[in-house]
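Engineer: my questions are about this predicted structure, shown below with the sequence.
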Amino acid sequence: MDSVVLPQGPRQLSSPAAVSMTEQPFLGSALLTPHGEGARKGALNIVCLSYPDWTAMSRGVTTLRPKRKMNFGTWNVRTLLDNTDSERPERRTAIIARELGRFKIDIAALQRAGEGQLKEEKGGYTFFWKGLPEEERRIHGVGFAIRNDLLKHLTEAPTGINERLSTLRINLAKNQQATIICAYAPTLDADEDIKENFYCQLDTILSEIPKEDKIIFLGDFNARVGKDSDLWPGIIGKDGVGNSNSNGILLLTKCGEHNLVITNTLFHQKNKLKTSWKHPRSKHWHLLDYVITRARDRRDVLLTRAMTGTDDCWTDHRLIRSTMAIKIIPKCRLQGRKTRRKMNTQALQEPSKRALLQTTLKDHLPTEHPKNVEEHWNKLKTSIITACEESIGYLIKKHQDWFDDNDKEIQQLIDNKRKAFQTWQRDTKCAAKKKIYASAKAEVQRRTRELKNIWWTKKAEEIQHLADTHDAQGFFKATKIIYGPRNHGIQPLRSSDGTKILKDKTSIALRWKEHYQNLLNRSSNVAKETLSQIPQQQTRDELAALPSLEEVSNAISQQKNNKASGPDGIPAEIFKELIQQLHQLIEKVWMTEKIPADFKDATIITLFKKGDRTDCGNYRDISLLTSAGKILARILANRLLPVSEDTLPESQNGFRPSRGTVDMIFTARQLQEKCREQNQPLYMAFIDLAKAFDTVNAMYRG
């Protein structure tokens, strides 16, 4: 490990018997090494952290209480898109995620990233990036890679301003917040208008950040700020690199306007630990990627350095890592209904598992039921869930991916390439070592594409077999599993008046609540006189009779398998083993005319249709109902359907047997043919009522 000395001097120990660090440096057992680095054999390794917190303990023992730290990174990865014509291997996000994990990065700002969002399960990071659309050349793009276990603590998703700027706000300890900015500045030879526009947008972002917020400014600025700390006091330290250029002057000026400091220049270390990019012609290393903070927060930065071992991701930039004495605090969770996991109903296809479920249900089901319907249902529900957990368990989500399935072999290829590169770097004049490295690099590219082709060929044969055997369920399930890394994250929404974009989770949840309250509780004028003119049917006492066991069994058998369950998490397949118990509950509901609250509640799932994603109206909502409630509704429907067939007019075709869409298309075609034969005009009107069922007056929805 290389020697690192901070610009600030360490404070002396508070203990009277202690010796100051300035008089006695760390030696031997007092050695400190930075996160993720090992000591260099045969050399003195000294690392001095800025202002550590010392506490004098009893018996003359003095210990160091390390501050809670986070590692931030900035990295120009050139692209995250897979291109078969490129020299870079497939699934770059997976490789980058593993590299970020190897250097213990918590949040990384990425440049030239393209557009999209996905989660790398094995890599341990979720990627958010903002770039140019597909029809344009994707030469720009910015985004964030956030460690998955940190993602749950974020209150809002990253905001993509444009293809060069993106922001993220996080909550810190002591009631503080930090705004993280990812930037990709124009190059030195870019038009002045482009540069001016970039820095104007940057100035707007910096000006809108609350004064009390910390700023963590990460990015590839394509600028050289030099090392003239006398000319730019408080903005750069005495350990800069090279000379400044015009882009560097722009960056330094902007830092001066907002009281920012470039932390890369604060630490005395070797040039290879300060530079991030090598010029392709001169072969000289320069510093273009920076970590910038407010000047008042410079003491939070423990170390900013370039990581020299990240050459495996096919980029000409080094990863810059900055360790800071800050920590994200967990978000406060709202107390509400717990989302239940999906039960493993596939296990019921095995006779042994089905028998185990039946036995476990007998052991857990209550023998006596309370008179209150709500208590009866809750007791039955709890017993069912407990029995299912012990017998069939929950479904484990399986995601198949060619990269993850060949993870060990691909990782070995990358390790071999890294070792070959490190060997060559120790003797760059050796042509043989360079050739070995080039061969290892080409082998990674060749073998990964070969593994991908083999994996996809095998999966295509499996899916084709499912299609040939007309196994539609297995076909769609297999297609869904291999689709690729799933998208995760928070979708920002527009406020009801359309003037504001909501980004934090609480505001988004409240916006959805407002949307559905307005949608499902619309006031509508209903002429009661019109309703009274509808011919009344004679009272049929048989419709009010208690549901029989056969009716309940028939209603349960009409429920489809493999359907999403409601808020209780109990699928319909389980009730096929509980006909008698459910019949007892439904009888009590019928006699008391009281329905359990779960039967009336629903979990609303939103599916995007098309258009603007920030508009709530562009989503299709699906209500997931409790299976037991749907069985009760099916009993009612089975009794009312024969009555409705005798009552509904011939013009009513929707939701009636033998009058489906195909039948109506055939009827319309017949009308067209007959009118053409008789040379008669035909007028057809197609009416699509927006939110037709949602806008029915609540009083008449029951």
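Structural biologist: Received the coordinates, thanks.
Engineer: give me the distance between stretch 95-112 and the centre of its chain.
Structural biologist: 16 Å (Cα atoms, centre = their mean, to the nearest Å).
Engineer: list the buried residues of stretch 155-173.
Structural biologist: For stretch 155-173, burial by neighbour count (16 or more other Cβ atoms under 10 Å) applies to 155-172. For the C-beta atoms, the positions are set from N, CA and C on the backbone; glycine is no exception.
Engineer: out of these, name the ones that lie in strands.
Structural biologist: Among the buried residues of stretch 155-173, the residues falling in strands (DSSP state E) are 159-160, 165-172.
Engineer: now these as a markdown table including pLDDT and distance to residue 509?
Structural biologist: Below are these laid out as a markdown table (pLDDT from 0 to 100; distance: Cβ to Cβ, whole Å):
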| residue | pLDDT | distance to residue 509 |
| --- | --- | --- |
| 159 | 83 | 18 |
| 160 | 81 | 21 |
| 165 | 91 | 27 |
| 166 | 90 | 23 |
| 167 | 91 | 21 |
| 168 | 90 | 19 |
| 169 | 89 | 17 |
| 170 | 88 | 19 |
| 171 | 86 | 17 |
| 172 | 86 | 23 |
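Engineer: touching, residue 235 and residue 252? I think so.
Structural biologist: Yes. Shown here, residue 235 and residue 252 form a contact pair, counting by Cβ atoms under 8 Å, at 5.7 Å.
Engineer: who touches both of the two?
Structural biologist: residue 262 (Cβ atoms under 8 Å, 6 or more residues apart in numbering).
Engineer: helix/strand/coil for residue 432?
Structural biologist: helix (DSSP: H, G, I helix; E, B strand; the rest coil).
Engineer: need the pLDDT of it.
Structural biologist: According to the prediction, residue 432 has pLDDT 91.
Engineer: please enumerate the strands of the stretch 101-250 of the chain.
Structural biologist: 107-111, 116-120, 125-131, 141-147, 159-160, 165-172, 176-184, 214-220, 225-226, 241-244 (DSSP state E, counting those that start in this stretch).
Engineer: ok now the last one, how far from the chain's centre?
Structural biologist: Okay, so that is strand 241-244. Worked out by Cα atoms, centre = their mean, strand 241-244 lies 40 Å from the chain centre.
Engineer: then the fourth one?
Structural biologist: The gap between the average C-alpha position of strand 141-147 and the chain average comes to 11 Å, counting by Cα atoms, centre = their mean.
Engineer: how about low-confidence regions in the stretch 101-250 of the chain?
Structural biologist: 112-123, 131-139 (pLDDT under 70).
Engineer: dump the C-alpha coordinates for stretch 634-648 into CSV.
Structural biologist: C-alpha atoms of stretch 634-648 as CSV (Å, rounded to 0.1, in the frame of the first residue of the first chain):
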residue,chain,number,x,y,z
ARG,A,634,-69.1,-16.5,-7.4
ILE,A,635,-71.9,-18.1,-5.4
LEU,A,636,-74.0,-15.0,-5.8
ALA,A,637,-73.2,-14.7,-9.5
ASN,A,638,-74.2,-18.4,-10.1
ARG,A,639,-77.6,-17.7,-8.5
LEU,A,640,-78.2,-14.4,-10.4
LEU,A,641,-77.0,-15.4,-13.9
PRO,A,642,-80.1,-17.5,-14.7
VAL,A,643,-82.3,-14.6,-13.6
SER,A,644,-80.4,-12.1,-15.6
GLU,A,645,-80.7,-14.2,-18.8
ASP,A,646,-84.5,-13.9,-18.5
THR,A,647,-84.4,-10.2,-17.9
LEU,A,648,-81.6,-8.7,-20.1
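Engineer: and the average pLDDT for that stretch is what?
Structural biologist: 87.
Engineer: give me the residues contacting it.
Structural biologist: 537, 540, 543, 547, 551-552, 554-555, 558-559, 586, 656.
Engineer: same question for stretch 506-518.
Structural biologist: Contacts of stretch 506-518 (Cβ under 8 Å, 6+ apart): 155, 334, 490-493, 495-496, 502, 604, 606, 616-617, 621.
Engineer: how does it look with 7 Å?
Structural biologist: 490, 493, 495-496, 502, 604, 616 (Cβ atoms under 7 Å, 6 or more residues apart in numbering).
Engineer: among those residues, which two are most distant?
Structural biologist: 495 and 604 (19.6 Å; Cβ to Cβ).
Engineer: hang on, the earlier thing: now the strands of the stretch 101-250 of the chain as TSV including distance to residue 475?
Structural biologist: Compiled in TSV, the strands of the stretch 101-250 of the chain are given as follows (distance: least, Cβ to Cβ, whole Å):
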stretch	distance to residue 475
strand 107-111	36
strand 116-120	24
strand 125-131	29
strand 141-147	34
strand 159-160	36
strand 165-172	39
strand 176-184	41
strand 214-220	45
strand 225-226	58
strand 241-244	58
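Engineer: tell me which of those strands sits most buried.
Structural biologist: Most buried of the strands of the stretch 101-250 of the chain, by mean neighbour count (mean count of other Cβ atoms under 10 Å): strand 107-111, with a mean of 29.
Engineer: what is that strand packed up against?
Structural biologist: Counting contacts by 3 or more Cβ pairs under 7 Å, 6 or more residues apart in numbering; DSSP states H and E, strand 107-111 packs against strand 70-76, strand 141-147, strand 176-184, strand 214-220.
Engineer: among these, which comes closest to residue 632?
Structural biologist: Across those, closest to residue 632 is strand 141-147 (Cβ to Cβ), at 44.5 Å.
Engineer: using PDB, write out every CA atom in the closest one.
Structural biologist: Provided in PDB are the C-alpha atoms of strand 141-147 (Å, rounded to 0.1, in the frame of the first residue of the first chain):
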ATOM      1  CA  GLY A 141     -25.400   9.400 -20.400                       C
ATOM      2  CA  VAL A 142     -25.200   9.600 -16.600                       C
ATOM      3  CA  GLY A 143     -26.500   7.500 -13.800                       C
ATOM      4  CA  PHE A 144     -26.000   5.800 -10.500                       C
ATOM      5  CA  ALA A 145     -25.200   2.400  -9.300                       C
ATOM      6  CA  ILE A 146     -26.600   1.900  -5.800                       C
ATOM      7  CA  ARG A 147     -25.900  -1.000  -3.500                       C
END
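Engineer: what's the angle from that strand to strand 176-184?
Structural biologist: Angle of strand 141-147 versus strand 176-184, following axes from the mean of the first three to the mean of the last three Cα atoms, to 10 degrees, is 140 degrees.
Engineer: on that earlier part again, for residue 320, which of the strands of the stretch 101-250 of the chain is the nearest?
Structural biologist: The nearest among the strands of the stretch 101-250 of the chain, by Cβ to Cβ, is strand 214-220 at 7.9 Å.
Engineer: list buried residues within the contacts of stretch 634-648.
Structural biologist: Buried among the contacts of stretch 634-648 (16+ other Cβ under 10 Å): 547, 551-552, 555, 559, 586.
Engineer: can you name the two of the residues you listed that are farthest apart?
Structural biologist: 547 and 559 (15.3 Å).
Engineer: which residues of the stretch 551-700 of the chain score low on pLDDT?
Structural biologist: Ranges of the stretch 551-700 of the chain meeting pLDDT under 70: 694, 697-700.
Engineer: got the buried ones among the contacts of stretch 634-648 as TSV, with secondary structure columns?
Structural biologist: Output for the buried ones among the contacts of stretch 634-648, formatted as TSV (three-state DSSP):
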residue	secondary structure
547	coil
551	helix
552	helix
555	helix
559	coil
586	helix
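Engineer: which of these lies closest to residue 393?
Structural biologist: residue 559 (21.6 Å).
Engineer: got a list of what that closest one touches?
Structural biologist: 572, 627, 630-631.
Engineer: in JSON lines: the contacts of stretch 634-648, plus distance to residue 662.
Structural biologist: Conversion of those to JSON lines gives the following (distance: Cβ to Cβ, whole Å):
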{"residue": "537", "distance to residue 662": "31"}
{"residue": "540", "distance to residue 662": "33"}
{"residue": "543", "distance to residue 662": "32"}
{"residue": "547", "distance to residue 662": "33"}
{"residue": "551", "distance to residue 662": "30"}
{"residue": "552", "distance to residue 662": "32"}
{"residue": "554", "distance to residue 662": "26"}
{"residue": "555", "distance to residue 662": "27"}
{"residue": "558", "distance to residue 662": "22"}
{"residue": "559", "distance to residue 662": "25"}
{"residue": "586", "distance to residue 662": "35"}
{"residue": "656", "distance to residue 662": "13"}
